[in-house]
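Colleague: Here's a sequence, model it:
(chains A and B)
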Amino acid sequence: MRPFTYESPSSVLEATNPGHPDSAFIAGGTTIVDLMKLEVMKPPKVVDLNALPMRGIEMSPDGLRIGALEKMSDTAVHPEVAANYPVISEALLKSASAQIRNMASIGGNLLQRTRCGYFRDVNTPCNKREPGSGCPAIGGENRMHAILGTSSSCVATHASDLAVALVALEASVRLQSGASERLLTLDDFYLLPDGTPHQENQLLPGELITEIRVPRLPWATRSTYLKIRDRESYEFSLTSAAVALDVNGDQIRDARVAVGGVGTKPWNLPEVREALTGKPLTLETFVAAAKLAVAGAVPLKHNAFKIDLVQRTIIRALIKLGGLA
Amino acid sequence: MTTKNIGKPQDRVDGKLKVTGRAMYPGDRRMENLAYGYLLTSTVAKGSIRAMDTSGAERTRGVLAVYTPFNPLKLYRGLDSSEGANSGEIQPPLQDARILNYGQIIGLVVAESFEQARDAAALVTTQYDEDNPVASWETGMENAFTPEAVGGESATIKILSEGVSSIDDAIKDSPVVLDATYREPIYHHNPMEPHATTAVWQGDRLTIYDATQGVVAQRLDLAAVLGIDEDMVRVLCPFVGGGFGCKGSMWMFSPLTAAAARALGRSVKTILTREQMFTLVGHRPALIQRLTLGAKPDGTLQAVKHDVRSTVSFSKVFVEAAAHRTSRLLYKSTNIQVSQTLVPWNVGGPTFMRAPGCAPGMFALECAMDELAAKLRIDPIELRIKNNAEVFPGKNVPWSSKNLVECYQLGAQKFGWSKRNPEPGAIRDGDWLVGMGMASALYPAHRSQASVKVRLQADGTAEVSSATQDLGTGTWTVLAIVGADSLELPIEKIRPELGDSALPHAPTSGGSTSVASVTPAIQRAAESAKRKLIQFVLRDKRSPFFGMRAEDVVYRDGKIEGGGKSADFGSVLTAIGRGAVEAVEMAEPGEEEQKYAFHSFGAQFCELRVNRWTGEVRLQRITSVMDIGTVVNLKAARSQIIGGIVFGIGMALLEGSVLEEKTGRYGNANFADYLVATNADVPYVDVYFIDKPDTIFNPLGARGIGEIGITGMPAAIANAVYNATGNRVRDFPILPEKLLPLGLNQPAISMALR
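Modeller: Prediction:
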């Protein structure tokens, strides 16, 4: 860990006043403290957000609002969240460990860095950590890496489960810098790596996520987050699927589908949604729709199985929601 | 001796200290004038160091010294097992610029605080002349060699019937042959407590708090590497936060820290990081095992051929005796051949890991037996009972005590084995395929020389002490239990002491030896102390028993009785003005070693489910029956077996160190990427003990139990996966992608997904 200065402002205005271009925010600290110890991140200044008012979880006719400083654990068990958006609750409860969920903030969760082992080891090259240094994952150990949205610069998987659920639900993030505010869909917020994998999102220097907004979707009460992982707890996904299904008798009226563990960002699948909409509620429909999830997938040496597994993950989630099991 | 406490479930006598954070582990020691070491490690796996720039580190606030091959501390070679010690690596660090593995020690930064030392370490830059490392089977095979010996025997052992010229002929003559190859990756021990050492010099004398499974061997080895007399070193390690073998050897960071402390005139503490635990303190080698079984149609084995290739480092030979410790002896076959080849890789030194030899060997052998049973359409238990060995093959000595068939039978009954459908994939629960599997468990019983001091004290307590260790296994409590029963005292009156090289010597706690070796010495020392006590009380005028004849006075229930008088020993000692009476006794195995074979046995069962869509394996329940002689502490014994089982779950389903072929770097050297089982991965575990004392082995009849719990579990899991799915995975760990696509999916869907 390198020396840094520390501030704890009490207003968003103050916090987002970019005193130093490389300063970093800290909320729960579950990502940044790790990465500072590993010297993957070496911010000269750390701005503590915990005194800011960005809290509260409320349901309104427009949908759900979650303050960025709310804890993962509190959000997961909030009655409005659990009742209206089971997919959010489940994604959170299958994330990390109870201890981490008790510390980590919702805003921070969306900004967590990849678990790519090369990114976290400063003795290896990494374009995300040191632009232009190279990507050893492409020819190295890449079982946990992405098959969608990859580039010749980076194949690191986006690690957040919550983000997968939120992208499926077409959620937005409210951003603030100084007095100016803007709202971006989460899908637009995240950037593909292309040639600039160090730029993971649209945040400007000093800009903060202040809240998350999830549109109202009454039939999201029929939603789920299925996470396939080697270990039953405290483990990142091999593949995951956030799925909501609107069923009318034996017909599918509408759907939401996004997948995790496979993309360089949380991977929304509007084409799968379209392939489900208006179709009969059958296994054949699910299988045909799931196939569209992997269009353009680029497998690496150790992760080709994800092409198959992610389709299976989607199908299994649909079977559960559709009551076909 | 009474048996009031032996065999009962006892709480740990050190439990309260541990859960309240008062148990001082080596890394917890604080003292005045303490400085902190942080190790520098190589970032290439082969080559040499051209240059190191330490100027930035040396300028950092708080830094006391930066030692490197260009500014070394003098260290000497370590001792190997033939010299009474066991260095994990023989060559000391910093004496030359050679690199033989990724993560090798190339320096030590010492500073006033841990943070300063770590901070400075990050500023050191190193330039290498790099060679291509050997880090795969393919590149390693050209350097493969046969070890001089395997566990004191030949690298190839052939036990052939008269008239049979080779094992291959015996296989050729077998009506049914099973030939399969099993692979496993390198595994790391990963105890919760990282290795740590705190070195304190007083003049020429070194006191070192060191995380070790053997304080006596550690002392000898440290002295050798530091070039000082053994008597000048005292090793203290009252608590170990798990060892599993990786603290059974001395690793070089420890004498390096002591040498720095000596040079600086400061006490120095070095704690390894989790990443450093992957390259500096050993691992279980990777293995490729080929098993060939030849049988008659009724299941009678007539050929067992087990060939093992295991990896080693380029700096020290270590043999993972997977066949010699399993197939060589478990089944009665008319022809047996086991053999071993070593394949050097550019990795740190491999070492003992929980059930060395047996854990990997039983994976291969017990999976092969399951495969053979399926081929023969014989129940796997029936096949094993049919081939149960009554005498040790090739030596024709009986076992001191063997109840393996009883383990199978009791286990089958408790587990409900009769409900198993031998047809793979026959049992479904929704989208989950349910399977059952079993395997035998096996581990040799070892015993060696150990000494114990028993000290009866005037305050009515008794000290029971020995330079043994408690790895979290429960040795503290064993000393208390056996001490209490030997002295006929309540457990609360016993003051156990261990983890100090100044105490009477005991063996390293490895190979499940401690209970077997130390408890006979406790019994002897207790008897000796009682005799001495009686002599004293007869001779002293102030004693109520003065002048009585020895045969009229007895020690019973903590009291001295005779001539119608009775007094507890504490008050008599007080009356005669003695603080204590003590005796040190040694116990060691005798000629029974030549007449018998000694092993623990067991049978392990599991039920699991595999999702037919996504291939994850999840355990549902486990039953384990163990034949380990006398159970000393039922509660700790259960814990030990469960701990072994959890290790086995990890070995079969989760763990495995990913060595990058090109770089020799471990790709998952941390706890987020090297997966050990969480509570959610461990189902209900049912443990039973046969509990028949093995009094030929030692007077208490207790064999060690630290290791046997893991030995059958990996194969039981792999066999249950086969029963659930029809897939044989012979390559650990069993990951979802190795099971997909499950043959039992509806064909149309499988096609669609291809």
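Colleague: Look up which helix or strand the residue nearest the centre of chain A falls in, please.
Modeller: When CA atoms, centre = their mean is applied to chain A, the residue found nearest the centroid is residue A:163 (2.6 Å). Using DSSP states H and E, residue A:163 maps to helix A:161-168.
Colleague: can you list contacts of that helix?
Modeller: By CB atoms under 8 Å, 6 or more residues apart in numbering or on different chains, the residues outside helix A:161-168 that reach it are A:72, A:85, A:87-88, A:90-92, A:94-95, A:106, A:109-110, A:186-187, A:190, A:212, A:214, A:223, A:225, A:227, A:237, A:240-244, A:256-260, A:265-268. Just so you know, the C-beta spots here come from the backbone N, C-alpha and C atoms, and that holds for glycine as well.
Colleague: sorry, back to before: quick one: the residue nearest to the centre of chain A from chain B, how far?
Modeller: For residue A:163, the distance to chain B (CB to the nearest CB, to the nearest Å) stands at 18 Å.
Colleague: And the nearest residue to residue A:112 once chain neighbours are set aside, its phi and psi?
Modeller: Once flanking residues are discounted, residue A:112 sits nearest to residue A:31: 4.7 Å by CB to CB, 6 or more residues apart in numbering or on different chains. The phi/psi pair for residue A:31 (degrees, to the nearest 10) reads phi -100, psi -50.
Colleague: is it fair to say residue B:648 lies in a strand?
Modeller: No - with DSSP: H, G, I helix; E, B strand; the rest coil as the criterion, residue B:648 is helix rather than part of a strand.
Colleague: contacting residues for it?
Modeller: B:359, B:604, B:709-714, B:716-717.
Colleague: Now do the same contact list for the nearest residue to residue B:337 once chain neighbours are set aside.
Modeller: Leaving out its chain neighbours, the residue that sits closest to residue B:337 by CB to CB, 6+ apart is residue B:167, at 3.8 Å. Residues counted as contacts of residue B:167 (CB under 8 Å, 6+ apart) are B:158, B:160, B:303, B:305, B:335-337.
Colleague: Pull the contacting residues for the residue of the stretch 151-300 of chain B found nearest chain A.
Modeller: Relative to chain A, the nearest point of the stretch 151-300 of chain B is residue B:275 (8.4 Å; CB to the nearest CB). Under the criterion of CB under 8 Å, 6+ apart, the neighbours of residue B:275 are B:103, B:669-670.
Colleague: hey, C-alpha coordinates of the lowest-mean-pLDDT helix or strand in chain A in CSV?
Modeller: Ranking every helix and strand in chain A by mean pLDDT, DSSP states H and E puts helix A:12-15 at the bottom, with a mean of 92. Extracted in CSV, the C-alpha atoms of helix A:12-15 (Å, rounded to 0.1, in the frame of the first residue of the first chain):
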residue,chain,number,x,y,z
VAL,A,12,-21.8,15.3,-2.4
LEU,A,13,-20.8,18.7,-3.7
GLU,A,14,-17.7,18.7,-1.6
ALA,A,15,-17.0,15.0,-2.4
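Colleague: where along the stretch 601-750 of chain B do the helices fall?
Modeller: B:634-649, B:708-711, B:713-725, B:736-739, B:747-753 (DSSP state H, counting those that start in this stretch).
Colleague: is any part of the fourth one close to chain A?
Modeller: Yes - part of helix B:736-739 sits close enough to chain A to count as contact by CB under 8 Å from any CB of the partner chain, namely B:736-737.
Colleague: Got the domain ranges for chain A?
Modeller: Using automatic domain parsing, the domain ranges for chain A come out as A:5-48, A:223-322.
Colleague: and the angle from the top helix by length along chain B to helix B:634-649?
Modeller: Ranked by residue count, the top helix of chain B under DSSP state H comes out as helix B:514-539. If you take axes from the mean of the first three to the mean of the last three CA atoms, to 10 degrees, helix B:514-539 sits at 160 degrees to helix B:634-649.
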